[in-house]
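Peer 1: following is a predicted model, sequence given first.
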Amino acid sequence: MKTTFKLKVFVDTNVLLDYLVASREMHASATGLFSIILSSSIEAAFSTQSMLDISYIGKKYKGFNLDIFRKAMNELLARTNVSSIDCFDMRLALQDPEIDLEDNAQIAFAHAQKCDIIVTNDRKLLSRALPAPMVAMTTEDFLSHCR
């Protein structure tokens, strides 16, 4: 019996923002990432908190289009694993000695979702120790990994 391994990635808020805001420096890379996610067997996980943060942060960028945002979010809701950061994730985040509660919660969430990779361009998050066997990669590193 052949067993197949399905890669599961957690996409951090900054990468989702890169994807949705064309004027951001990493937009092309994020578009490549989402092209792979939406057209392959890679499973992606997002937190509802990321989606809410994007709806708030995105409005600060010139060219942010709420209709495009809503369309993209509906597509992600239909084709990926979008879940809430729960009380258990928050308890783990609060126990983490690192000061960045948002990163702590995202890591706890990604671990609870059984993600293999966190895709982020946050340098601090990239340098964090993660629960094994999870690793963090930049968008560019992930694209290279998939080639």
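Peer 2: All right, it came through fine.
Peer 1: would you state the strands of this protein in chain order?
Peer 2: According to DSSP state E, the chain carries its strands in the segments 8-11, 43-47, 81-83, 117-119, 135-137.
Peer 1: identify each buried residue in the third one, please.
Peer 2: Using 16 or more other CB atoms under 10 Å as the burial criterion, the residues of strand 81-83 that qualify are residue 82. Using the backbone N, CA and C atoms, a C-beta is placed for each residue, glycine as well.
Peer 1: and what of the second one?
Peer 2: Neighbour-count burial for strand 43-47, with 16+ other CB under 10 Å as criterion, is recorded at 43, 44, 45, 46, 47.
Peer 1: can I get those residues in a markdown table with pLDDT and distance to residue 146?
Peer 2: Written out in a markdown table, the entries for those read as follows (pLDDT from 0 to 100; distance: CB to CB, whole Å):
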| residue | pLDDT | distance to residue 146 |
| --- | --- | --- |
| 43 | 89 | 13 |
| 44 | 91 | 13 |
| 45 | 92 | 17 |
| 46 | 90 | 18 |
| 47 | 92 | 22 |
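Peer 1: what is the nearest of these to residue 65?
Peer 2: The closest of the buried residues of strand 43-47 to residue 65 turns out to be residue 46 (CB to CB; 19.4 Å).
Peer 1: in the sheet, who's paired with that closest one?
Peer 2: For residue 46, the beta-bridge partners are residue 82 (DSSP bridges).
Peer 1: wait, it sits on residue 16?
Peer 2: Yes. Using CB atoms under 8 Å, residue 46 makes contact with residue 16 at a distance of 6.8 Å.
Peer 1: need the pLDDT of residue 20.
Peer 2: pLDDT recorded at residue 20 is 87.
Peer 1: and residue 136, what does it touch?
Peer 2: 117, 118, 119, 120, 125, 126, 128, 130 (CB atoms under 8 Å, 6 or more residues apart in numbering).
Peer 1: same thing with residue 109?
Peer 2: Applying CB under 8 Å, 6+ apart to residue 109 gives the contacts 10, 45, 47, 83, 85, 89.
Peer 1: please apply the same query to residue 69.
Peer 2: 20, 54, 55, 58.
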